[in-house]
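# need a structure here:
(chains A and B)
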Amino acid sequence: MVDLTQYLPILIFLVIALGLSGLFVFLPMGVSRLTGAHKPSKDKLAEYECGFPAFEDSRHQFDVRFYLVAILFIIFDLEAAFLFPWAVSLDLTGWAGWITMMVFLGELLIGFAYAWKKGALEWE
Amino acid sequence: MELKQSLGLIAPEILLSIASLVLLLVSAWAGDKASRAISVVACFVLGACFFIVAPTVCAGVAGPDVVAFNGLFTADAFSGFAKLLIFAATGAALVMAPKFFERTNSMMPEFPVLILLAALGMCLMVSATDLMTLYIGLELNSLASYVLAAFLRNDERSAEAGIKYFVLGALASGILLFGMSLTYGFTGSTDFGTVRAALTGDMSTGAMFAVVFVLAGLAFKISAVPFHMWTPDVYEGSPTPVTAFFATAPKVAAVSLLMRVSLDAFGMQADAWRQIVLFVALASIVVGALGAIGQSNIKRLMAFSSINNVGFILIGLVTGTVQGASAMLVYLAIYIAMTAGSFLAIIMMKDEAGAPVEKISDIAGLSRTKPALALCLAMMMFSLAGIPPLFGFWGKFVVFQAAVEANLVALAAIGIAASVIGAFYYLKIVKVMYFDEPADVVKGQSDWAHWALLIISTAFISPLGYLLTTWLGGIADKAAATLFLVAA
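Numbers count the residues shown, from 1 in each chain, chains lettered A, B, ... in the order given. Model prediction:
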């Protein structure tokens, strides 16, 4: 028989989380109606989709710069994800682990410097 | 100190990575005008790596002393031999490139940097004794190669070659990864030694699939039939120096990698993979020979020629003996000299405006307008066809000899018969150059560096090459023996 009492923390968490997130959605709607700031327009009602029209044929050209920014983002995002397991296991890997990670960060920095110098970060 | 020793063993790789990172920064700040200087520095770096690795090959080092990072990496004589070939072929690509790209003002300093990164990836591939190192090396080499294939950004064919290579290469990497994950699942390790120990006796169906998927992924990388379909398109579309690079260095790396994976990691299941490699070898020889016959573009023809040659190299692997492995290494050494030489001759064929000539009909009567160039190319073609006084014959001879001594007489007989079909299209090029009416298209002058390299490679494949057979065979034997020593 499963002891359901041990799941109490997650139940409390779900109740509070749902309550809070519901509040975040409905509170601004209620406040705007009550204060008279409720003026929907076409732009306000449109879905947010990274600057593109949301409902359109997806096979059209877009600026290559979006792609470049996305690639750079992925590299540094993955780097950050990689730092967490490294940080918690540093007591096991010791100085060798620390130096290795610094070398890795240095290599990423060189790539970043290259991209910066080549103008990959400039939008115009 | 374990770590210090490991770092000492990867000295050439460390040198390559530091050099490529420094040169990357230099290329960003100095701009396009530094291309030539960066190429020269890259050549010197490769030369330095060559001299770091060369003593280990001559000494035939092996055993636990050359295993770095707890078995992730092995710097034995076998990997050293492959690395020397890789450095030589990579250096040749660096020498070929500047003149070719400068005509259209498309030489960029990133070219030598990418070539160095690809060489670094290949060094990791040939030294890998763990599936993780293997994959990192393979991807480092592949990612650099995809960019190199599309290096002429404004040329539609080059862009097409890049995208095609990328899509199919990513698919092959996926297949390889799937095989690797199955291997890990059925053996519980990524280390070659442990995989070998776990795969003794009867093999489960799952492990069988693991072997098949890994071999399929690697067959793509060496462009063996039936995973060869990308080769003609990519070789034709890529800029010629890049094609020369693809046909030489990565072939050496991928074949060496395949040898280590089959003989070491899957060494106890030789009967299982031998059938697959046997089929792939024969299919490559036949498809390579037949596919080349109808080609009108010389780069496409060379692509089929490389498929054909990979088939001959794989015959050495089918034997599964030290002698077969040694024969493969000798064949690889001769093969890169012949292929690099042929592509050099192709780069040196330029029309009046300096634009590259690639159509076979345009080189008609080359012997009357450019006798020296025609002679070099004709010798390369005779050598590739395996006609006796030239060195290409020796490579085929040692491979077939190994096959006969491993009681694979039928295989050797089919291989020899198929090499006769292959001789047809090589001889056709010679016939077009020597006996057809001059087309008078090839007029451009060539750089002294191109001539020097062409003369060196022609001398190597000429009958003079036979002076090297004892020496080359000796170090290849030692290198091949280390592969089996690690496995034992």
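# find the nearest non-adjacent residue to the residue of the stretch 251-400 of chain B found nearest chain A, please.
Residue of the stretch 251-400 of chain B nearest chain A, by CB to the nearest CB: residue B:253 (22.1 Å). Any C-beta I mention is one placed from the backbone N, CA and C, and that applies to glycine too. In this structure, residue B:253 finds its nearest non-sequential neighbour in residue B:122, 3.7 Å apart by CB to CB, 6 or more residues apart in numbering or on different chains.
# just to revisit the earlier point, just say helix, strand or coil for the residue of the stretch 251-400 of chain B closest to chain A.
Recorded secondary structure, residue B:253: helix (DSSP: H, G, I helix; E, B strand; the rest coil).
# give me the mean pLDDT for stretch A:37-53.
Averaged across stretch A:37-53, the pLDDT comes to 75.
# what residues go with each domain of chain A?
A:1-39, A:56-124 (automatic domain parsing).
# I'd assumed residue B:256 was in contact with residue B:134.
No. Contact between residue B:134 and residue B:256 fails when scored by CB atoms under 8 Å: they sit 11.2 Å apart.
# circling back to that earlier point, tell me what the host helix or strand of the residue nearest to residue B:253 is packed against?
Using DSSP states H and E, residue B:122 falls within helix B:110-127. Helix B:110-127 is packed against helix B:11-30, helix B:35-59, strand B:73-74, helix B:77-102, helix B:131-149, helix B:240-260, with contacts defined by 3 or more CB pairs under 8 Å, 6 or more residues apart in numbering or on different chains; DSSP states H and E.
# buried deepest among those, which one?
Stretch with highest mean neighbour count among the helices and strands packed on helix B:110-127: helix B:240-260 (a mean of 27; mean count of other CB atoms under 10 Å in any protein chain shown).
# output whichever helix or strand comes after that one as CSV, restricted to C-alpha atoms.
Going down the chain from helix B:240-260, the next helix or strand is helix B:270-293, by DSSP H and E. Provided in CSV are the C-alpha atoms of helix B:270-293 (Å, rounded to 0.1, in the frame of the first residue of the first chain):
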residue,chain,number,x,y,z
ALA,B,270,35.2,-11.1,-36.3
ASP,B,271,33.0,-13.7,-38.0
ALA,B,272,30.0,-11.3,-37.7
TRP,B,273,31.5,-8.2,-39.1
ARG,B,274,33.6,-10.0,-41.7
GLN,B,275,30.6,-10.8,-43.9
ILE,B,276,29.5,-7.1,-43.8
VAL,B,277,33.0,-5.8,-44.6
LEU,B,278,33.3,-8.4,-47.3
PHE,B,279,30.1,-7.2,-49.0
VAL,B,280,31.0,-3.6,-48.6
ALA,B,281,34.5,-4.1,-50.1
LEU,B,282,33.3,-6.0,-53.2
ALA,B,283,30.3,-3.6,-53.7
SER,B,284,32.6,-0.6,-53.4
ILE,B,285,35.1,-2.0,-55.9
VAL,B,286,32.4,-2.8,-58.5
VAL,B,287,30.2,0.3,-58.1
GLY,B,288,33.3,2.5,-58.0
ALA,B,289,34.6,1.0,-61.2
LEU,B,290,31.3,0.9,-63.1
GLY,B,291,30.1,4.3,-61.9
ALA,B,292,33.2,6.1,-63.1
ILE,B,293,32.9,5.0,-66.7
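# show me what helix B:270-293 is in contact with.
Contact with helix B:270-293 is made by B:203, B:208, B:211-212, B:215, B:219, B:224-226, B:228, B:232, B:262-263, B:266, B:301, B:304-312, B:314-315, B:317-318, B:320, B:411, B:414-415, B:418-419, B:421-422, B:424-425, as judged by CB atoms under 8 Å, 6 or more residues apart in numbering or on different chains.
# list buried residues within those residues.
Buried members of the contacts of helix B:270-293, scored by 16 or more other CB atoms under 10 Å in any protein chain shown, are B:203, B:211-212, B:215, B:219, B:224-225, B:228, B:232, B:262-263, B:266, B:301, B:304-312, B:314-315, B:317-318, B:320, B:411, B:414-415, B:418-419, B:421-422, B:425.
# so what's residue B:476 up against?
Here residue B:476 is in contact with B:81, B:326, B:327, B:329, B:330, B:333 (CB under 8 Å, 6+ apart).
# show me these that map onto helices.
B:81, B:326, B:327, B:329, B:330, B:333 (DSSP state H).
# may I ask which two of those are separated the most?
B:81 and B:327 (12.9 Å; CB to CB).
# what's the mean pLDDT across stretch B:86-96?
93.
# only alpha carbons, please: show it as PDB.
Extracted in PDB, the C-alpha atoms of stretch B:86-96 (Å, rounded to 0.1, in the frame of the first residue of the first chain):
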ATOM      1  CA  ILE B  86      46.900  12.800 -42.000                       C
ATOM      2  CA  PHE B  87      49.400  15.600 -41.400                       C
ATOM      3  CA  ALA B  88      51.000  15.100 -44.800                       C
ATOM      4  CA  ALA B  89      47.600  15.100 -46.600                       C
ATOM      5  CA  THR B  90      46.400  18.100 -44.600                       C
ATOM      6  CA  GLY B  91      49.600  20.000 -45.400                       C
ATOM      7  CA  ALA B  92      49.100  19.300 -49.100                       C
ATOM      8  CA  ALA B  93      45.600  20.700 -49.000                       C
ATOM      9  CA  LEU B  94      47.000  23.900 -47.300                       C
ATOM     10  CA  VAL B  95      49.500  24.300 -50.100                       C
ATOM     11  CA  MET B  96      46.900  23.800 -52.800                       C
END
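# what's it in contact with?
Contacts of stretch B:86-96 (CB under 8 Å, 6+ apart): B:39, B:42-43, B:46-47, B:49-50, B:53, B:112, B:115-116, B:118-119, B:122-123, B:126, B:240-242, B:244-245, B:248-249, B:252-253, B:336, B:340, B:343-344, B:347, B:449-450, B:453, B:457.
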